[in-house]
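J.: Next come a sequence and a model predicted from it.
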Amino acid sequence: MKVEHILRTKQARVVAVRTSATVADAIRLMKAENISALVVKDVCRTEGNTLAGVLSERDIVHALLERGSSLMAMPVSQLMTRQPVTCAPSDSVRQALHLMEQHHIRHLPVLEDGHLVGVVSARDFTRLQLQELDGTVTAVAEPPSAATYAH
């Protein structure tokens, strides 16, 4: 099974924050969306809408210990993980899981031709495993085009 199958079966919206947002803004967004990581985007006129990094709860907790509450006013760009580990829609679920295990991460941005098309998480893989155990996995259809993935 491929990562693209998981992207087709989950909510298509990717929750993102800009590099200039404060950590406090990012935490509020995570709470409102009930998620544990955000994609960080850098919107530039010359480069377009590009993946700049990922900000996770783990990043925030570690920074809180090191920097205290002053981190709340920091821009996300100072705290995010730059050049995050990513995968492609055509990667197998096994490959994606190996990446997550190897790098001790729970979220993988999915890039196609350098463009963000989604994010897969440990929660998505847990849902897939439960569906397989229940015998309710949706059939794997032909791969969609990049336009199929909303973000």
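T.: Everything's here; your move. Residues are numbered from 1 along each chain as shown.

J.: Show me the strands in this structure, by range?
T.: Along the chain, the stretches classed as strands by DSSP state E are 16-18, 37-44, 48-56, 81-82, 107-112, 115-121.

J.: Please name whichever of the ones you listed is nearest to residue 71.
T.: Taking CB to CB as the criterion, strand 48-56 is the member of the strands of the chain that comes nearest to residue 71, at 11.4 Å. Glycine gets a C-beta too; all of them are placed from N, C-alpha and C.

J.: got the strands of the chain as JSON lines, with mean neighbour count, distance to residue 101 and mean pLDDT columns?
T.: Rendered in JSON lines, the data for those read as follows (neighbours: other CB atoms under 10 Å; distance: least, CB to CB, whole Å; pLDDT from 0 to 100):
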{"stretch": "strand 16-18", "mean neighbour count": "19", "distance to residue 101": "25", "mean pLDDT": "92"}
{"stretch": "strand 37-44", "mean neighbour count": "20", "distance to residue 101": "17", "mean pLDDT": "84"}
{"stretch": "strand 48-56", "mean neighbour count": "19", "distance to residue 101": "16", "mean pLDDT": "84"}
{"stretch": "strand 81-82", "mean neighbour count": "14", "distance to residue 101": "17", "mean pLDDT": "93"}
{"stretch": "strand 107-112", "mean neighbour count": "21", "distance to residue 101": "11", "mean pLDDT": "93"}
{"stretch": "strand 115-121", "mean neighbour count": "21", "distance to residue 101": "14", "mean pLDDT": "90"}
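
J.: out of the ones you listed, nearest to residue 64?
T.: strand 48-56 (12.7 Å).

J.: how close does the residue nearest to residue 90 when sequence neighbours are not counted sit to residue 32?
T.: Nearest in space to residue 90, with sequence neighbours left out and distances taken as CB to CB, 6 or more residues apart in numbering, is residue 2 at 6.0 Å. Relative to residue 32, residue 2 is positioned 31 Å away (criterion: CB to CB, to the nearest Å).

J.: residues contacting residue 56?
T.: Shown in contact with residue 56 (CB atoms under 8 Å, 6 or more residues apart in numbering): 36-38, 81, 105-107.
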